[in-house]
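*Asks:* Predicted coordinates and the sequence they were generated for:
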Amino acid sequence: MKSKILLTALAIALLGCFSIPTPALSAEPIIIGVPTSLYTPFGRDGLNAVNLAVEEINAKGGVSVAGVKRPFEVVTADTRGGEPGTPVHDALMAYEKLILGKKPHAIVIGAFRSEVMIASMDLVAKYKVPQLGTIAQSPGFQGKFKKDPKKYRYLFRVTTDALIPAGYISHALDTLKKEHGLNRAYLIVQDTLWALGFMGLVRKHCKKTGWEEIGYEPYAAGATDFSPGLTKAKEGKAQVIAMVWDVPLGAGIFCKQWAAMKVPALIIGFVPPMAAPGAWKTLGKDVEYSLQVEFPVGASLALKKVPKTGEFLNKFKKKYGKLPEAAAVNSSAYDAVFILAEAIERAGSLDPDKLVTALEQTDYKGVSGRIRFNENHTAIFGKKDPNETGIAVVFQWQKGKRVPVYPPFLAEGKILLPPWMK
Amino acid sequence: MSTLIYGTITSIVLALYTLGFSLTYGISGLANFAHGALYILSGFIAWSFINQAGFPFFLSALLAILISGLIGFAFYWVLLLRIRGIALSELIVTFAAGIAILELLTWRGFYGIQYSLPLFLRGGIEIKGVAVDYQRLFVIGTGIFLLILLYLFVHHTKIGLAFRGIAQNERTALSLGIESDWIGALSLAFGSALAAVAAIVILPMGIMESTIGYNVLIYALTVAIVGGLESTSGMIVASFIIGFGQVVTARYIGAQWMIIVPLSAIILVLAIRPSGLFGKFKELEERV
């Protein structure tokens, strides 16, 4: 009997020796909460990017917390914040339900709509869950953060704020003015916080640099008819229509309506259906010559000068069968998971306050550039060097391809004017 | 000129949104709150036939219209037969069915920027300096054609006359051998098919998302309430009031106020004349 027990124990010990060591996967997982508008291209592709990063980290054994390797686990809540008409309160309820029900150690991506993000700051602060926001773009984040940095210390923005892509578009407008002599602009903006912040800066820049403003038209996010604005732009002989819009439906209708009404003005700004990799297929050759900003880099366009963008997008395409649809913020979601993993390892703990201190020390070179946080917990972005800051890019559709045209160190071509404008 | 042309286009788009809803209600008293969902579902059915089955556009459109009509027909026998005549239950059931369709579409990934129906014909013309594309002209043509067709149908065909009989007095129609359940099911089928026709001509002007279903339902309800739920002429007048109201508001006040127009119209009509401009259901009560 004794020998049988001995043999069994030996067999178990041997099995233990030869089995694949999976310490991380058997350890208690680190929960990443993703409360966002999941059924939007931004939310869906952002979540895909998070899952991709989690898969890579877990494949390497997970994250070391005080010497124990633990895997990441992603839990989600659909806030529906990206759909026009969803009340902020409803989105917040979904947010709070995720925090209380799934008890995440950290939140990644966060609110889609800036109005929800601003409101959710109090919620996140109340429950002390470190958050790495990667979609909502309103500079209102910094404004609110500054009012009480101690209270809001759990919140970080890993992506751009609207003023960054607005700055890029302003510079592209400078080029259009300087090199092609254009000076008449019509501005259309989605009546939401981030877009108003974006267009506010562009408008200010246009006034400062001598552009003639033919009109400035905010439209409700649910708008489905742009003929009045397009008529005004055409009658006012606008040479450029600057537009900022994120709701796919309205943006798609705008693109088709602009082409149908034959408004002889160049489209510049952020109009997702025109910026997406599949725009040529969805909207046809009408997208040719439109100028779009991608923020930050790597969201959907591989850049020769920033190899990490291509690496990320190749991995994304391999896993999901296609490139991300939205030309914004996907690379931020991917980077955010690695930033979180590094911070957890630095802190050696999942304690929120220790994690916040570790996150403040972030210095990560990711797909979107070098990510460090300023005193307002906002990632620092610039226009010169991805080894110094995060960066964005302006590209133009030329012969069915998206050609980077600004900033100069990323440019693979020059801004061209359509033949019908010459 | 631009206001006139685009006001007309917007108005006819609204009329097309509403036509099926109004027809069903006018005949059978059924408020089909799944109307918007059937509209966008038809668009996605057509898209799937074109892009996944490789069918030509017009065959896909025809199939989408037929399938939408069949769904409407099945709605009646499966969902509505047992609660027929209980207005609140009918409303709840059709609304729930509509939400189920829209949420199912969202869940299956029918959102984003890749779904778009092709234009019938690219290009356009200029009318007194205002560029109008062929698709929008086609929308105007379809709207006028459907209204004429509908008039001829309800006045000169056996089923159409049966529709009118049921609409005027169900019990009398029953005594004359008109089967009200069949007419109810047919009215839903026709209404749903009309939603599909509207989708096929309007959706190529933009891209498709499941949330469009909610917009279409809201506009259809608005036009129907303002015009009078069962009145076709009221529906046409209300479409033009709201359509021109929106375009004029956007042009002279500001685009962000466009959405106020239909909502204000509902409030005004419900406060002053609850039956709608041409409605007769509560006319007597209103007079009293």
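*Replies:* Now that the structure is in, tell me what you want to look at.
*Asks:* CA atoms for contacts and neighbours, from now on please.
*Replies:* OK.
*Asks:* Which pLDDT value belongs to the residue of the stretch 251-400 of chain A found nearest chain B?
*Replies:* Nearest residue of the stretch 251-400 of chain A to chain B (C-alpha to the nearest C-alpha) works out as A:Ile253 at 3.9 Å. pLDDT, A:Ile253: 83.
*Asks:* who's in contact with it?
*Replies:* A:224-226, B:205-207 (C-alpha atoms under 8 Å, 6 or more residues apart in numbering or on different chains).
*Asks:* Among the residues you listed, which pair sits farthest apart?
*Replies:* A:Phe226 and B:Ile207 (13.8 Å; C-alpha to C-alpha).
*Asks:* Which one's more surrounded, those two?
*Replies:* Remark: of A:Phe226 and B:Ile207, B:Ile207 carries more neighbours, 29 against 20, as counted by other C-alpha atoms under 10 Å in any protein chain shown.
*Asks:* Give me the buried positions along stretch B:92-103.
*Replies:* Residues of stretch B:92-103 classed as buried: B:93-95, B:97-99, B:101-103 (neighbour count, 16 or more other C-alpha atoms under 10 Å in any protein chain shown).
*Asks:* same for chain A: which of those are within range?
*Replies:* Contacts with chain A are made by none of the buried residues of stretch B:92-103, judged by C-alpha under 8 Å from any C-alpha of the partner chain.
*Asks:* could you redo those as JSON lines and give each row secondary structure?
*Replies:* Shown next, in JSON lines, are those (DSSP: H, G, I helix; E, B strand; the rest coil):
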{"residue": "B:Val93", "secondary structure": "helix"}
{"residue": "B:Thr94", "secondary structure": "helix"}
{"residue": "B:Phe95", "secondary structure": "helix"}
{"residue": "B:Ala97", "secondary structure": "helix"}
{"residue": "B:Gly98", "secondary structure": "helix"}
{"residue": "B:Ile99", "secondary structure": "helix"}
{"residue": "B:Ile101", "secondary structure": "helix"}
{"residue": "B:Leu102", "secondary structure": "helix"}
{"residue": "B:Glu103", "secondary structure": "helix"}
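*Asks:* which two in these are spaced the farthest apart?
*Replies:* It's B:Val93 and B:Glu103 that sit farthest apart of the buried residues of stretch B:92-103, by C-alpha to C-alpha, at 15.2 Å.
*Asks:* Show me which residues of chain B sit near chain A.
*Replies:* Residues of chain B lying near chain A by C-alpha under 8 Å from any C-alpha: B:2-3, B:6, B:106-107, B:109, B:111-116, B:123-124, B:130-133, B:205-209, B:211, B:247, B:250-251, B:254-257, B:259.
*Asks:* neighbours of the residue of chain B found nearest chain A, just the number please.
*Replies:* Residue nearest to chain A within chain B (C-alpha to the nearest C-alpha): B:Gly206, separated by 3.9 Å. Using other C-alpha under 10 Å, B:Gly206 has 26 neighbouring residues.
*Asks:* Correct me if wrong: it contacts A:Gly252.
*Replies:* Yes - if you go by C-alpha atoms under 8 Å, B:Gly206 and A:Gly252 touch, sitting 5.4 Å apart.
*Asks:* which phi and psi does whichever residue of the stretch 101-250 of chain A sits closest to chain B have?
*Replies:* Using C-alpha to the nearest C-alpha, A:Tyr219 is the residue of the stretch 101-250 of chain A that sits closest to chain B, at 4.4 Å. Backbone torsions of A:Tyr219, given as degrees, to the nearest 10, read phi -120, psi 150.
*Asks:* what residues are up against it?
*Replies:* Contacts of A:Tyr219 (C-alpha under 8 Å, 6+ apart): A:188-191, B:255-256.
*Asks:* Report pLDDT for the residue lying closest to B:Leu277 once chain neighbours are set aside.
*Replies:* Spatial nearest neighbour of B:Leu277, excluding adjacent residues (C-alpha to C-alpha, 6 or more residues apart in numbering or on different chains): B:Gly227 at 4.9 Å. On pLDDT, B:Gly227 comes in at 84.
*Asks:* Help me confirm that A:Lys365 is found in a strand?
*Replies:* Yes - A:Lys365: assigned to a strand according to three-state DSSP.
*Asks:* so what's the closest residue to A:Ala260 other than its chain neighbours up against?
*Replies:* Nearest non-adjacent residue to A:Ala260, counting by C-alpha to C-alpha, 6+ apart: B:Asp133, 5.2 Å away. B:Asp133 sits next to A:260-261, B:122-125 when contact means C-alpha under 8 Å, 6+ apart.
*Asks:* if you set the cut-off to 10 Å instead, what comes out?
*Replies:* Residues in contact with B:Asp133 (C-alpha atoms under 10 Å, 6 or more residues apart in numbering or on different chains) are A:257, A:259-262, B:119, B:121-126, B:205.
*Asks:* What's the ChimeraX syntax to select whichever of those are buried?
*Replies:* This is the ChimeraX syntax for the buried subset of the contacts of B:Asp133, where burial follows 16+ other C-alpha under 10 Å:
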select /A:257,259,260,261,262 /B:119,124,205
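*Asks:* So which of the contacts of B:Asp133 sit within helices?
*Replies:* A:257, A:259-260 (DSSP state H).
*Asks:* residues near A:Leu123, how many?
*Replies:* Per other C-alpha under 10 Å, the neighbour tally for A:Leu123 reads 18.
*Asks:* Secondary structure element holding it?
*Replies:* helix A:114-127 (DSSP states H and E).
*Asks:* Now that helix: buried residues?
*Replies:* Buried, per 16+ other C-alpha under 10 Å, within helix A:114-127: A:114-121, A:123-125.
*Asks:* would TSV of these with pLDDT be doable?
*Replies:* Shown next, in TSV, are the buried residues of helix A:114-127 (pLDDT from 0 to 100):
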residue	pLDDT
A:Ser114	88
A:Glu115	88
A:Val116	91
A:Met117	92
A:Ile118	93
A:Ala119	92
A:Ser120	93
A:Met121	94
A:Leu123	93
A:Val124	93
A:Ala125	94
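*Asks:* Look up phi and psi at B:Ile9.
*Replies:* phi -60, psi -50.
*Asks:* Contacts only, for it.
*Replies:* Shown in contact with B:Ile9 (C-alpha under 10 Å, 6+ apart): B:3, B:15, B:132, B:136-140, B:143, B:240, B:243-244, B:247.
*Asks:* Cheers, nothing more for now.
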